[in-house]
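> pasting the sequence and the predicted model now:
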Amino acid sequence: MDEIMEESRLDHLRKVPLFLNLPDEALQVAAAEAHPQSYEKGSFLFYQDDPAVRIYVVTDGRVKLAQLSEDGSQVIMRVATAWMMIAVISLVPGAVYPVSAEAAGDCRVIYWTQAELQALLERYPSMALNA
């Protein structure tokens with residue numbers, strides 16, 4: 001059963017832009033290093049202007065990405081659904097999140113820290129072409 005779930009996760013990761021056309025070994029390493037996390041509706045994954053230190057893939061549910069305008073109103077930039085990547089800006093050292101990410105309902109994600117992603121990029125340079 002675990003092997004089936006692992007294959008399913010790998011199949012999904014193959015469709016995520018950052019992992020397109022990578023060898024199975026790279027996908028297996030990325031899957032093994034991914035951190036799963038659950039969020040309840042209304043919980044925030046990160047806030048606008050916080051240091052961008054994690055990159056996320058939504059595995060179940062929806063995540064609302066919104067930006068606060070100068071007048072304090074909220075502008076929804078995108079709603080990420082299953083197997084969409086968010087916070088790609090985390091690949092840039094010293095970057096901040098340009099939006100806040102809020103669970104639009106109960107959701108699950110997997111994430112990698114900036115350091116983990118940098119190590120993956122060094123090990124599998126072809127990933128950089130997908131970034």
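That came through, no problem.

> spatially central residue in this protein, please.
Central residue of the chain (CA atoms, centre = their mean): residue 56, 1.5 Å from the mean position.

> in which helix or strand does residue 22 reside?
Assessed by DSSP states H and E, residue 22 sits outside every helix and strand.

> with residue 56 instead?
strand 54-60.

> what lines up beside that strand in the sheet?
strand 85-86 (antiparallel), strand 107-113 (antiparallel) (DSSP bridges).

> tell me the confidence at the residue nearest to residue 128 when sequence neighbours are not counted?
Leaving aside its sequence neighbours, residue 128 sits nearest to residue 121 (CB to CB, 6 or more residues apart in numbering; 5.5 Å). All C-beta spots, glycine's among them, are computed from the backbone N, C-alpha and C. pLDDT, residue 121: 90.

> show me what contacts residue 121?
Counting by CB atoms under 8 Å, 6 or more residues apart in numbering, residue 121 makes contact with 91, 127, 128, 131.
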